[in-house]
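Peer 1: Just need the structure, nothing else, for what follows:
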Amino acid sequence: MCSLLLPALFAMSLAAQEKPAPVRLTPLRVSPACTVSQELGISKVDITFARPAVKGRKIWGELVPFGQVWRAGANNATVITFSHAAKAAGQDVPAGTYGFFVIPGEKTWILILNKKAKQWGAYDYKAEDDVLRWEATPQAGPFLEYLDYRVLPTGTGSATVELGWEKLRVSFPVAFDTRAIYWAHLEDTLKKAPETDWVPWYQAAKYCQEQAIEPAKALAWIEKSLKASDSFWNHETAARIYKDAKRMPEARTHLQKAIDLSKGKAPKEYTENLEKELAAWKP
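Peer 2: Alright, predicted model coming up:
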């Protein structure tokens with residue numbers, strides 16, 4: 001009988017020892033957290049930071065001393081994530097997440113990517129963990145009460161990352177090898193694509209045609225797409241691929257097929273534009 005009671009008594013003892021979860025308020029941060037994200041091609045740059053305010057203080061050289069490592073924000077160190085291998089200020093950076101620090105100077109700043117991404121402030125910062133360091137020259141700009149980051153696209157796979165606070169801005173370029181990254185994505189996708197699905201083969205062929213690369217592969221892939229299913233989309237792309245190959249009879253045949261299939265399915269303007277194009281292709 002006692003042996004039967006022991007498990008129950010043990011469970012009751014454990015329950016008595018368990019304490020309810022503590023009740024806590026959510027901290028009210030005076031420097032609000034923010035994440036800025038920007039797609040570049042199929043790559044992405046994310047910056048996570050907290051926004052301190054000027055509040056009438058002298059920032060540069062006082063609140064943020066010259067010559068000392070600064071977290072480039074408030075609270076946790078600022079974090080930058082690159083979805084793919086990139087170049088930051090012209091230097092190679094592997095894909096990953098990095099702590100972003102700066103050492104402000106009166107005329108020149110040192111910008112830093114550090115492999116220890118998660119840390120409070122710069123208290124645990126170690127120079128031996130730096131992945132990259134480079135110099136940048138701050139520029140004057142309109143007053144900003146709260147610190148801000150912007151990622152401004154400059155091309156399909158490139159952008160300028162800008163830190164701004166008070167009346168200063170400092171920036172650096174970021175670039176991805178978009179063509180190589182997209183080609184790896186394309187090949188990986190096609191390895192998994194069934195031959196009965198016309199869409200991925202059409203997408204790959206269309207990409208090649210638009211980028212004027214790999215014409216032989218573009219032709220093979222569009223034929224595979226057409227074998228899987230007829231669509232005005234893949235016939236239009238086939239027409240353009242054959243036109244680029246200077247095989248105009250096939251190009252006109254596919255464009256006419258695209259026109260026929262588009263009627264009643266695509267916007268009227270789409271069909272009319274294809275008809276005008278076909279008229280211009282006639283010998």
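Peer 1: ok, and for the longest strand along the chain, which residues are buried?
Peer 2: As assigned by DSSP state E, the longest strand anywhere in the chain is strand 158-176. Residues of strand 158-176 classed as buried: 158-159, 161-166, 168-172, 174-176 (neighbour count, 16 or more other Cβ atoms under 10 Å). Every C-beta, even on glycine, is put in place using the N, C-alpha and C of the backbone.
Peer 1: now swap in stretch 85-92 and tell me
Peer 2: Buried residues in stretch 85-92, counted by 16+ other Cβ under 10 Å: 86, 87, 88, 89.
Peer 1: would you put the C-alpha positions of that stretch in PDB?
Peer 2: Presented in PDB, the C-alpha positions along stretch 85-92 are these (Å, rounded to 0.1, in the frame of the first residue of the first chain):
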ATOM      1  CA  ALA A  85      28.600  36.100 -49.900                       C
ATOM      2  CA  ALA A  86      29.100  39.800 -50.600                       C
ATOM      3  CA  LYS A  87      31.600  42.600 -50.900                       C
ATOM      4  CA  ALA A  88      31.600  45.300 -48.200                       C
ATOM      5  CA  ALA A  89      33.600  48.400 -49.200                       C
ATOM      6  CA  GLY A  90      35.200  46.200 -51.900                       C
ATOM      7  CA  GLN A  91      36.300  43.500 -49.600                       C
ATOM      8  CA  ASP A  92      35.000  39.900 -49.500                       C
END
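Peer 1: how far does that stretch sit from the chain's center?
Peer 2: In terms of Cα atoms, centre = their mean, to the nearest Å, the centre of stretch 85-92 is found 15 Å from the chain centre.
Peer 1: could you give me the average pLDDT of it?
Peer 2: Across stretch 85-92, the average pLDDT comes to 97.
Peer 1: helix or strand right after the helix or strand containing residue 233?
Peer 2: Taking DSSP states H and E as the criterion, the element that holds residue 233 is helix 232-244. Remark: after helix 232-244, the chain's next helix or strand is helix 248-262, criterion DSSP H and E.
Peer 1: Buried residues, that next one. List them.
Peer 2: Residues of helix 248-262 classed as buried: 251, 252, 254, 255, 256, 257, 258, 259, 261, 262 (neighbour count, 16+ other Cβ under 10 Å).
Peer 1: Just the C-alpha atoms of the helix or strand following it, please, in PDB.
Peer 2: Per DSSP H and E, the first helix or strand lying C-terminal to helix 248-262 is helix 268-281. The C-alpha coordinates for helix 268-281 follow below in PDB (Å, rounded to 0.1, in the frame of the first residue of the first chain):
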ATOM      1  CA  LYS A 268      -6.200  42.700 -74.500                       C
ATOM      2  CA  GLU A 269      -3.200  45.000 -74.700                       C
ATOM      3  CA  TYR A 270      -0.800  42.000 -74.300                       C
ATOM      4  CA  THR A 271      -2.300  40.300 -77.300                       C
ATOM      5  CA  GLU A 272      -2.400  43.400 -79.400                       C
ATOM      6  CA  ASN A 273       1.300  44.100 -78.600                       C
ATOM      7  CA  LEU A 274       2.200  40.600 -79.700                       C
ATOM      8  CA  GLU A 275       0.300  41.000 -82.900                       C
ATOM      9  CA  LYS A 276       2.200  44.300 -83.700                       C
ATOM     10  CA  GLU A 277       5.400  42.500 -83.000                       C
ATOM     11  CA  LEU A 278       4.600  39.600 -85.300                       C
ATOM     12  CA  ALA A 279       3.700  42.000 -88.100                       C
ATOM     13  CA  ALA A 280       7.200  43.600 -87.700                       C
ATOM     14  CA  TRP A 281       8.800  40.100 -87.800                       C
END
